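In: Got a predicted model here, sequence first, then my questions.
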Amino acid sequence: MTENKTSPRRGIILDVDGTLWDAVDVITDSWNVALSKMPDVEGTITSDQMRQCLGKTMFEIADMLFGYLSVTRRREVLDEAMRYEVAYLRDHPGHVYPEVTKTLRTLRAEGWHLYIVSNCQKGYIEDCLKALGEEDLIEDHLCFEDTLKEKGSNIRLCAERNALDEAVYVGDTAGDLEAARQAGAGFIYAKYGFGDVDAQAEGVPAIDAFADLPAMLRS
């Protein structure tokens, strides 16, 4: 790909869950295996509970699911579950949405630089990239555990450290929209994901499938 040196450096920053793949059931299974080994943890986690956690920071998830434990212990439990999850996902990946890899190749060919920012732990984005099979398409990525900062700050940091003149965040929740606004980035709503953004009321563009992204950006 050849870039005009006078043209702006354009970047697409991607969410993971509900945007690139759906790993809810796999994550839930892995957590229940890990939690079954912790006698102070009550019950099991359901897929619905896990879905409600998506997009939250690690500390917020610990408070939501393990609020009956001390702050120190709930974060220890979360850390153990998330470490097991990362290892589990290497061999049991989430469901990648249709035509994601093909669409990423198209975006790169059209001059967009590609990045990922997610409120997840270290290793999770790498698991997703392995499932995509095209790790070199993504130039940089950041997660909550890298910085212990919320998504808006990490979107801004990603744009700054990659010298982007234009940045748009693609995500599927109201939290993603708010984070993009905090970062001063554009936003495209992935309607097929887990969120409930009223795109018309919010005045943001929306796509029905990931494969619609190049056409949306051209328009």
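Out: Noted; the coordinates are in hand. Residues are numbered from 1 along each chain as shown.
In: and the gap between G133 and V77?
Out: Separation of G133 from V77 (Cβ to Cβ, to the nearest Å) stands at 33 Å. Heads up, the C-betas are built off the backbone N, CA and C, glycines and all.
In: And those two? Which one has more around it.
Out: Under the neighbour definition other Cβ atoms under 10 Å, G133 and V77 were set side by side, and V77 has more, 20 against 9.
In: isn't that one right up against M58?
Out: No - with contact defined as Cβ atoms under 8 Å, V77 does not reach M58; the gap is 11.4 Å.
In: which residues of this structure score low on pLDDT?
Out: 1-6 (pLDDT under 70).
In: Could you list the domains of it?
Out: Per the record, the chain has its domains at 10-22+95-218, 24-91, by automatic domain parsing.
In: dump the residue contacts of S47.
Out: V24, D25, T28 (Cβ atoms under 8 Å, 6 or more residues apart in numbering).
In: And the residues you listed, which is closest to C128?
Out: Nearest to C128 among those is V24, at 13.3 Å by Cβ to Cβ.
In: how distant is the helix ranked longest in the chain from the center of its chain?
Out: Determined from DSSP state H, the single longest helix within the chain is helix 71-91. Here the centre of helix 71-91 is set off from its chain's centre by 17 Å, with Cα atoms, centre = their mean, to the nearest Å.
In: what do you get for stretch 202-219?
Out: 17 Å.
In: Kindly report the same for stretch 170-181.
Out: Counting by Cα atoms, centre = their mean, stretch 170-181 comes out at 10 Å from the chain centroid.
In: With stretch 170-186 instead?
Out: Worked out by Cα atoms, centre = their mean, stretch 170-186 lies 12 Å from the chain centre.
In: Repeat that for stretch 46-66.
Out: Using Cα atoms, centre = their mean, the offset of stretch 46-66 from its chain centre is 14 Å.
In: Quote the end-to-end distance of it.
Out: This stretch, stretch 46-66, spans 14 Å end to end (Cα to Cα, to the nearest Å).
In: Report the buried residues of that stretch.
Out: 49-51, 53-58, 61-63, 65-66 (16 or more other Cβ atoms under 10 Å).
In: Stretch 26-41 too?
Out: Quick answer for stretch 26-41 (16+ other Cβ under 10 Å): V26, I27, T28, D29, S30, W31, N32, A34, L35, V41.
In: do stretch 89-103 as well
Out: L89, H92, P93, G94, V96, Y97, V100, T101, T103.
In: re earlier: looking at the domains of the chain, which is buried most?
Out: domain 10-22+95-218 (a mean of 19; mean count of other Cβ atoms under 10 Å).
In: now do the same end-to-end measure for it.
Out: For domain 10-22+95-218, the end-to-end distance is 13 Å (Cα to Cα).
In: re earlier: show me what the longest helix of the chain is packed up against.
Out: The helices and strands touching helix 71-91, judged by 3 or more Cβ pairs under 8 Å, 6 or more residues apart in numbering; DSSP states H and E, are helix 24-35, helix 58-65, helix 124-132.
In: Check which helices and strands whatever helix or strand comes next after it sits against.
Out: Tracing the chain past helix 71-91, the next element assigned as helix or strand by DSSP states H and E is strand 95-96. Strand 95-96 sits against strand 21-22, helix 124-132, with contacts defined as 3+ Cβ pairs under 8 Å, 6+ apart.
In: residues in contact with the first one?
Out: The one in question is strand 21-22. P93, G94, H95, V96, Y97, V100, C128, A131.
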